[in-house]
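Pasted the sequence and its predicted model underneath.
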Amino acid sequence: MRRWMIIPVLTALLSVPTLAGAIEDKPKAPPAGASTATHRLYGRKCASCHGLDGKGDTKRGIRTKANDWTKPGFLTQFTDEKLIELTTKGVKKMPGYGEKLSSEEIVALVQYMRLLVPDPAPAK
Ligand code: HEC
């Protein structure tokens, strides 16, 4: 192969996972204060719908009508307890995660959401 061809070929290879939507699995750096383990868990289980940024505008997120967590005041309308309950039991098109994840993992994911989308303190 000629040397000048290497760059376009590499670029094509690198963009394949992006086209397939696998980008959601590619963890960027976790938000400040979040653990890498929870960041990865979120990337594996939640980001396909909620997006790595919480906007919910991925293909699956749009199809299932996930909410935009970055909308001011969106997350603050819920207490941590409520977010934990919704994640555990499921809501609308989202399946419950009570069987698949431990309660510690669900609590960690809710804390992660707060770090991912910084908003004022949760409503009481
Ligand atoms: C199949 C797509 C999908 C996946 C995967 C998914 N969610 Fe959801 N999620 C949704 C939808 C749809 C809603 C409900 C939106 C509504 O109430 O109108 C929702 C709602 C929520 C809510 C309630 C707040 C809100 O946005 O309405 C929380 C909390 C939540 N999800 C957390 C998680 C966590 C944590 C994970 C990973 C363990 C996860 N979700 C995975 C689609 C998904």
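That came through, no problem.

what about stretch 46-64 and the ligand, any contact?
Yes: applying CB under 6 Å from any ligand atom, one finds that stretch 46-64 is in contact with the ligand at 46, 48-50, 60, 64. Using the backbone N, CA and C atoms, a C-beta is placed for each residue, glycine as well.

List just the nearest of those residues to S103.
C46 (16.0 Å; CB to CB).

Near that closest one, how many other residues are there?
For C46, the neighbour count with other CB atoms under 10 Å is 22.

Name the nearest residue to it, sequence neighbours excluded.
Nearest residue to C46 in three dimensions, chain neighbours excluded: L109, at 6.8 Å (CB to CB, 6 or more residues apart in numbering).

Number of residues surrounding that neighbour?
For L109, the count of nearby residues is 21 (other CB under 10 Å).

where's it relative to V91, distance?
L109 is 14 Å from V91, where distance means CB to CB, to the nearest Å.

Next: E85.
For E85, the distance to V91 (CB to CB) stands at 9 Å.
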